[in-house]
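**Student:** can't give you the sequence, but here's the structure:
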């Protein structure tokens, strides 16, 4: 993450003063079942390049949320970042059988709001003064994908992630949003 700490602005934990503090936090993440943390591994290098989690897990209601998203500069705004989100969504809908997949973020976190929309989440509204963290009141924007939307969202991901959607330079030919809208 960025050495100036900006990547921690909208997260509840961090930045960490040293490696020992980070490792202590990582051990807590490893033992947690809600949130249930996942490492994003670059398959070429074998290095961990990010984390995300399933949280607010409510199987009795069929609702689960993605959160604790922390991507290193090696992962941010890459094909692999999009694939990591797709794989976690697919796991939630198809393997775990959830009917609602949520994304919540600080109303001031414009990159997170843009990412939610790009990934296919529908904006549902703002919960004003939802929580207090880092010494300030946070308004929270809520987004979701529901099971009836999942087939179209999934199809968009499959089209976007396909090798023929990327040129030799690695740049996308068509956007995820455009490919999701095609019949």
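**Tutor:** Here it is on my side, so go on. Since the structure is predicted, the reported quantities are computational estimates derived from the model, not experimental observations.
**Student:** And the helices in this protein?
**Tutor:** 19-31, 79-90, 110-119, 150-161, 176-181 (DSSP state H).
**Student:** Dump these into a markdown table; add mean pLDDT and distance to residue 56 as well.
**Tutor:** C-beta: built from backbone N, CA, C; applies to glycine. Shown next, in a markdown table, are these (pLDDT from 0 to 100; distance: least, C-beta to C-beta, whole Å):
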| stretch | mean pLDDT | distance to residue 56 |
| --- | --- | --- |
| helix 19-31 | 90 | 16 |
| helix 79-90 | 97 | 14 |
| helix 110-119 | 96 | 16 |
| helix 150-161 | 98 | 19 |
| helix 176-181 | 96 | 25 |
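**Student:** how about these in CSV, adding mean neighbour count?
**Tutor:** Converted to CSV, the helices of the chain look like this (neighbours: other C-beta atoms under 10 Å):
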stretch, mean neighbour count
helix 19-31, 12
helix 79-90, 18
helix 110-119, 16
helix 150-161, 17
helix 176-181, 16
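**Student:** what's the closest of these to residue 66?
**Tutor:** helix 79-90 (6.1 Å; C-beta to C-beta).
**Student:** Does that closest one pack against any helices or strands, and if so which?
**Tutor:** strand 36-41, strand 48-58, strand 63-71, helix 110-119, helix 150-161 (3 or more C-beta pairs under 8 Å, 6 or more residues apart in numbering; DSSP states H and E).
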